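Here is a sequence together with a model predicted from it:
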Amino acid sequence: MEEIREMVRVVTVFYLLEQMVLNLLPGGGYEKYVRFYLGLLLVLLLLQPISGVAGFAEQLNAEAVVLQLEQEVEKIR
């Protein structure tokens, strides 16, 4: 229950910050681009708890380390 409450709090704060950014934009020319990127950030915020539960973050970190080590080995050769 606490996790849901925290998620709602994060989304609420994000929405308030989004509205503040949109109101500070000069004119309306870039509004659709800003909304697009803020929407992507919102999706990432919503997926963050799901990826943590499923262990995707640890798996991605491990794969990144392996890739980095492979690149370093290639540089040495």
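Here it is on my side, so go on. Residues are numbered from 1 along each chain as shown.

The most centrally placed residue in the chain sits in which helix or strand?
In the chain, the C-alpha nearest the mean C-alpha coordinate belongs to residue 44, at 3.5 Å (Cα atoms, centre = their mean). Under the criterion of DSSP states H and E, residue 44 resides in helix 31-54.

Contacts made by that helix with the rest, please.
3, 7, 10-11, 14, 18, 21-22, 25, 57 (Cβ atoms under 8 Å, 6 or more residues apart in numbering). Using the backbone N, CA and C atoms, a C-beta is placed for each residue, glycine as well.

Those residues in helices, which ones?
3, 7, 10-11, 14, 18, 21-22, 57 (DSSP state H).

Make CSV from those residues and add distance to residue 65, pLDDT and neighbour count to it.
Shown next, in CSV, are those (distance: Cβ to Cβ, whole Å; pLDDT from 0 to 100; neighbours: other Cβ atoms under 10 Å):
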residue, distance to residue 65, pLDDT, neighbour count
3, 28, 78, 9
7, 29, 85, 14
10, 28, 89, 15
11, 32, 90, 13
14, 30, 91, 15
18, 34, 90, 16
21, 35, 88, 12
22, 39, 87, 14
57, 13, 66, 12
